[in-house]
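coords please:
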Amino acid sequence: MISIRTKYMGPTNYRSCRIKAEDGRGNTVTMSRDYENEIEDDHKLAALSLCAEMGWPMEIEGGCYKNDYYWVFV
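Numbers count the residues shown, from 1 in each chain. The predicted structure is shown next:
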């Protein structure tokens with residue numbers, strides 16, 4: 001079973017805030033934070049971007065646990 005974890009990455013001196021999606025197998029996608037969206041929406045967009053890159057189903061559900069979001073396939 002594959003699950004996706006997304007986490008918030010704070011700003012640095014050179015980059016703005018980002019959301020990183022990873023599947024535990026070394027596949028990752030990192031996206032810039034879009035402040036016009038809610039934070040959960042940005043986490044879901046990052047997870048969906050990883051799904052699209054890997055050719056996985058796009059129907060996912062998830063939730064927050066200890067500041068990270070976890071996504072599974074429906």
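
ok, and for stretch 1-21, which residues are buried?
4-6, 8, 18-21 (16 or more other Cβ atoms under 10 Å). Every residue, glycine included, has its C-beta placed from N, CA and C.

wait, stretch 54-66
Buried residues in stretch 54-66 (16+ other Cβ under 10 Å): 56, 60, 62.

now do stretch 23-38
23, 29, 31, 33.

ok, now which ones touch the residue located most distally from the centre of the chain?
Farthest-out residue of the chain from its mean C-alpha position, per Cα atoms, centre = their mean: Asn13, at 22.2 Å. For Asn13, the contact set (Cβ atoms under 8 Å, 6 or more residues apart in numbering) is empty.

give me the pLDDT value at it.
According to the prediction, Asn13 has pLDDT 95.

likewise the one 3 residues further on?
The per-residue pLDDT reported for Ser16 equals 93.

bridged to Cys64, which residues?
Tyr69 (DSSP bridges).

tell me the secondary structure at the residue farthest from the centre of the chain.
The three-state assignment at Asn13 reads coil, by DSSP: H, G, I helix; E, B strand; the rest coil.

same question for Leu50.
Leu50 ends up helix, using three-state DSSP.

separation between Glu36 and Asp42?
Counting by Cβ to Cβ, to the nearest Å, the separation of Glu36 from Asp42 is 10 Å.

what ranges does this protein have for its helices?
39-54 (DSSP state H).

low pLDDT regions in it?
By pLDDT under 70, the chain has no low-scoring segment.

which residues does the closest residue to Phe73 other than its chain neighbours contact?
Distance criterion Cβ to Cβ, 6 or more residues apart in numbering; nearest residue to Phe73, sequence neighbours excluded, is Pro57 at 5.4 Å. For Pro57, the contact set (Cβ under 8 Å, 6+ apart) comprises 51, 73-74.

now Tyr35
By Cβ under 8 Å, 6+ apart, the contact list for Tyr35 is empty.

ok, Lys20 next?
Lys20 is in contact with 6-7, 9, 28-30, 46, counting by Cβ under 8 Å, 6+ apart.

from the residues you listed, pick the one nearest Asn67.
Lys7 (7.4 Å; Cβ to Cβ).
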